[in-house]
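> turn this into a structure:
(chains A, B, C, D, E, F, G, H, I, J, K and L)
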Protein chains: 12
Amino acid sequence: MTDHVYQKIELTGSSTVSSDAAIENAVAKAGQTIKNMRWFEVLETRGYIDNAKVAHWQVTIKIGYTLD
Amino acid sequence: MTDHVYQKIELTGSSTVSSDAAIENAVAKAGQTIKNMRWFEVLETRGYIDNAKVAHWQVTIKIGYTLD
Amino acid sequence: MTDHVYQKIELTGSSTVSSDAAIENAVAKAGQTIKNMRWFEVLETRGYIDNAKVAHWQVTIKIGYTLD
Amino acid sequence: MTDHVYQKIELTGSSTVSSDAAIENAVAKAGQTIKNMRWFEVLETRGYIDNAKVAHWQVTIKIGYTLD
Amino acid sequence: MTDHVYQKIELTGSSTVSSDAAIENAVAKAGQTIKNMRWFEVLETRGYIDNAKVAHWQVTIKIGYTLD
Amino acid sequence: MTDHVYQKIELTGSSTVSSDAAIENAVAKAGQTIKNMRWFEVLETRGYIDNAKVAHWQVTIKIGYTLD
Amino acid sequence: MTDHVYQKIELTGSSTVSSDAAIENAVAKAGQTIKNMRWFEVLETRGYIDNAKVAHWQVTIKIGYTLD
Amino acid sequence: MTDHVYQKIELTGSSTVSSDAAIENAVAKAGQTIKNMRWFEVLETRGYIDNAKVAHWQVTIKIGYTLD
Amino acid sequence: MTDHVYQKIELTGSSTVSSDAAIENAVAKAGQTIKNMRWFEVLETRGYIDNAKVAHWQVTIKIGYTLD
Amino acid sequence: MTDHVYQKIELTGSSTVSSDAAIENAVAKAGQTIKNMRWFEVLETRGYIDNAKVAHWQVTIKIGYTLD
Amino acid sequence: MTDHVYQKIELTGSSTVSSDAAIENAVAKAGQTIKNMRWFEVLETRGYIDNAKVAHWQVTIKIGYTLD
Amino acid sequence: MTDHVYQKIELTGSSTVSSDAAIENAVAKAGQTIKNMRWFEVLETRGYIDNAKVAHWQVTIKIGYTLD
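Coordinates of the predicted model:
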């Protein structure tokens, strides 16, 4: 496992359901084009408010994946 | 939409249910006196522990709203 | 309540279920050896990805407890 | 001048012209309701992009003013 | 005690005596208009120098108080 | 607008004219290959000095764009 | 003195008297079980407010001590 | 170009005109006594407010120069 | 050299030899697909431990390169 | 008062008495060679421990002074 | 591997040889009392200077290990 | 040893050999004009890349020395 190189990309996922779901959405979207995703790190949690309720959650993450 | 000015206030919401619910509670409370709330940003997630369980979640957020 | 001294330890809990559950797991584990736990603070939220899904959540927290 | 107390509020100004103008707009807006404003500090500079150009600048500042 | 919401405001207190006194001054001033203040957090300690001595201390704090 | 996923990239633009122009240059360059750019955030402002003058401004930004 | 290894622990001391005394209290408490304490670093200064006065100071420090 | 050593100094420039001009002023002033200045980095942007307008801009920078 | 635009990518290199070698490995890997790499910045140094020894070093860097 | 340029230097003062006195000592020492000192900012508070007591306080500050 | 809990401790290792060796020394020392160490993260690199040379390197790390 | 005052300066050393050597070079250079240097702290590690290899390392440090 030594001497691997990983790249990290930064994505913002959103969801009307929960902060965790916003992360899941970002990971699922990234999986359409990136293979070998290994881990994520949360950078920032925000959201839009509509009518005094959280309308949707927005979570910015970094995703690390193995470079072939 | 240009040249708007937004004010941000900082609130700590708490909930016995979840960290997301603590945010929802803070947003709902703020909505009793503030109109035109637009977004929130999470600053800090904490909580109180009782008998080795999370007794309640405390999430500090900033809320941005449009100044009329 | 004055003049108490608190110690803080840093733990990373993990869970296949949710980020909140990762915190609950860390608190429960710490409760097996530490009494008088009072609060926690979230330092970092990460997770491992498997097959384009969040395989498990990892949340690093500090736990504060009263020194006898 | 000793023993004054200052309050700080956080505002986000926007402008189609420049980042400095976004600050000026926030200060001018705050001046409609706050007297004795003394200084500002820039917290964050962002902006919206439209058609590969900066559509408007958004600068978040803190403004400090003397409490009477 | 669950499900309370707290608001935080940011103040800078000053004092010719000490850094602690600058905090006390800010808290006392805030108490003239805010009820139910619960805690403060120090953000920044500065001061003005006159003739190679500290002329007055300036400490910026956040104060958290319970929203009714 | 819910459930969108955004990617962020990090660019450093430079300009002999101004710090704002360095941002404009980075946004314009990115627009040659990226569609649906939505916002930017300034990370760092630097510059090179020649003969005691600012020779060119260098501003590092993140640009967020919608993933199709 | 070379090749020593130091461990750091994190403590929060409190005092009704002053912020310095809160640090002294944490150091004294740690000295009941830890030998060879060498230095401390202040991480955070907070406090509880009662009746518009600082009821007690809470200072979080790291203490470094030599591992035998 | 290898094995050079650079020193950095920290300056705050001010200007009634713009934030960029505050930087230019600091660089010009430093140039009166320092040779071989190479780059600057912005640390903080502040300003004084007078009558609800920005009276002057204050930008704190680090300047790096080659040690002979 | 003015008005260039640089892109930054974030990579984590690993090595069983040293922290510097982990950086060299990341740079070499990136060089297989990216031309005109100009500089790197270290973001984080970590590593895996096996049997009380550093099994491999992991260094996360940003690499800046000129956009053609 | 416009268009002044200030230089900042970084000093660590120490004192056996208190954290405030450590700052006073640093300011007094700097005053032996620097004229026109205007303000200070606290960067870090540390101290050495001897026999479970604070042996001396060490506070690192930046001092700003007007360049003639 | 799910639902593990890890504890992190903070150590400062020193070495007359190199910054990497300071880390190795801290890990080796910790291994005398802690089993199941998994990873480390570098927090700070410092050192003492004697006669214009680095006399010894001091690197502060966090070590994560599995709680049984 | 009490009541000493230390000044810190910020230097960037470079080396074609290693990151540690870049620090050694900065310390050696500073020793040509500064006496009584006591410690250094690493602020940032960067480097220039040439032909997909690290051409030289650049490490920015603060050096603390005793004021006579």
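
> low-scoring stretches of chain A, by residue?
In the predicted model, chain A carries pLDDT under 70 at residues A:1-2.

> at 80 instead, please
Counting by pLDDT under 80, the ranges of chain A that qualify are A:1-3, A:68.

> can you tell me the residue of chain A closest to chain C?
A:G31 (2.7 Å; C-beta to the nearest C-beta). Where you see a C-beta, it was placed from the backbone N, CA and C, and this is true even at glycine.

> list the contacts for the residue of chain A found nearest chain H?
For chain A, the residue closest to chain H is A:E44, as judged by C-beta to the nearest C-beta, at 21.5 Å. The contact partners of A:E44, by C-beta atoms under 8 Å, 6 or more residues apart in numbering or on different chains, come to A:59-60, B:41-42.

> what's across from it in the sheet?
A:T60 (DSSP bridges).

> of the contacts of A:E44, closest to H:A52?
H:A52 has its nearest neighbour among these in B:E41, at 27.1 Å by C-beta to C-beta.

> next, count neighbours for the closest residue to A:L67 other than its chain neighbours.
Computed as C-beta to C-beta, 6 or more residues apart in numbering or on different chains, the closest residue to A:L67 that is not its neighbour in sequence is A:V5, at 4.8 Å. Using other C-beta atoms under 10 Å in any protein chain shown, A:V5 has 20 other residues around it.

> mind listing what A:V5 touches?
A:66-67, I:11-14, I:25-26, I:29-30.

> buried sites along the helix or strand that contains A:F40?
Using DSSP states H and E, A:F40 falls within strand A:37-50. By 16 or more other C-beta atoms under 10 Å in any protein chain shown, the buried positions in strand A:37-50 come out as A:37-42, A:45-49.

> list the contacts for the residue of chain A found nearest chain B?
Residue nearest to chain B within chain A (C-beta to the nearest C-beta): A:A52, separated by 2.7 Å. Going by C-beta under 8 Å, 6+ apart, A:A52 touches B:27-28, B:30-32, B:37.

> okay, these in CSV with secondary structure and distance to I:S18 next?
Shown next, in CSV, are the contacts of A:A52 (DSSP: H, G, I helix; E, B strand; the rest coil; distance: C-beta to C-beta, whole Å):
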residue, secondary structure, distance to I:S18
B:V27, helix, 49
B:A28, helix, 54
B:A30, helix, 52
B:G31, coil, 55
B:Q32, coil, 59
B:M37, strand, 52
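
> okay, these in CSV with distance to G:S18 next?
Compiled in CSV, these are given as follows (distance: C-beta to C-beta, whole Å):
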residue, distance to G:S18
B:V27, 38
B:A28, 39
B:A30, 35
B:G31, 41
B:Q32, 39
B:M37, 40
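
> what's in contact with the helix or strand A:D20 falls within?
Assigned by DSSP H and E, A:D20 belongs to helix A:19-30. With contact meaning C-beta under 8 Å, 6+ apart, helix A:19-30 is reached by A:9, A:11-15, A:37, A:40, A:42, A:45, A:47, A:56-59, A:61, A:63, B:19-20, C:18-19, C:47, C:49, C:52-54, C:57, F:3, F:5, F:67.

> and the buried ones among the residues you listed, selectable in PyMOL?
Buried members of the contacts of helix A:19-30 can be picked out in PyMOL with the line below, counting by 16+ other C-beta under 10 Å:
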select buried, (chain A and resi 9+11+12+13+14+15+37+40+42+45+47+56+57+58+59+61+63) or (chain B and resi 19+20) or (chain C and resi 18+19+47+49+54+57) or (chain F and resi 5+67)
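
> what's the farthest-apart pair in the buried residues of strand A:37-50?
Maximum distance among these (C-beta to C-beta): 33.8 Å, for A:R38 and A:I49.

> with adjacent residues omitted, what lies nearest to A:G13?
A:G13 sits nearest to A:A26 (C-beta to C-beta, 6+ apart), 2.8 Å away.

> whoops, I mixed them up, A:I23
Using C-beta to C-beta, 6+ apart, the closest residue to A:I23 is A:V59 (5.2 Å).

> my guess is that neighbour contacts A:V42. True?
Yes - between A:V59 and A:V42 there is a contact under C-beta atoms under 8 Å: 6.2 Å.

> picking up where we left off before, could you find the closest non-adjacent residue to the residue of chain A closest to chain C?
C:A52 (2.7 Å).

> from the chain's centroid, how far away is the host helix or strand of A:K62?
A:K62 is located in strand A:53-66, with elements delineated by DSSP H and E. Remark: strand A:53-66 is offset 4 Å from the chain centroid, using C-alpha atoms, centre = their mean, to the nearest Å.

> ok, stretch A:34-50 next?
3 Å.

> ok, now stretch A:45-58?
With C-alpha atoms, centre = their mean, you get 17 Å for stretch A:45-58.

> and if you look at stretch A:33-53?
5 Å.

> repeat that for stretch A:55-67.
Using C-alpha atoms, centre = their mean, the mean C-alpha position of stretch A:55-67 is found 2 Å from that of the whole chain.

> cool, stretch A:20-36 as well?
6 Å.

> return the set of buried residues in it.
In stretch A:20-36, counting by 16+ other C-beta under 10 Å, buried: A:20-27, A:29-31, A:34.

> returning to that earlier point: the residue of chain A closest to chain C contacts A:M37, correct?
Yes - contact status for A:G31 versus A:M37: in contact at 6.4 Å, counting by C-beta under 8 Å.

> coming back round to it: now the residue nearest to A:G13: how far from chain L?
30 Å (C-beta to the nearest C-beta, to the nearest Å).

> swap in A:D20?
Taken as C-beta to the nearest C-beta, the span from A:D20 to chain L is 34 Å.

> same check on A:N25?
35 Å.

> so A:F40 bridges to which residues?
Applying DSSP bridges, one finds that A:F40 bridges with A:I63, C:G47.

> I should have written A:E10 there, sorry.
Assigned bridge partners for A:E10, using DSSP bridges, are A:K62, F:K8.

> surely it meets A:K62?
Yes - between A:E10 and A:K62 a contact is recorded at 5.3 Å, counting by C-beta under 8 Å.

> and the two? Which one has more around it.
More crowded of A:E10 and A:K62, by other C-beta under 10 Å: A:E10, with 20 against 17.
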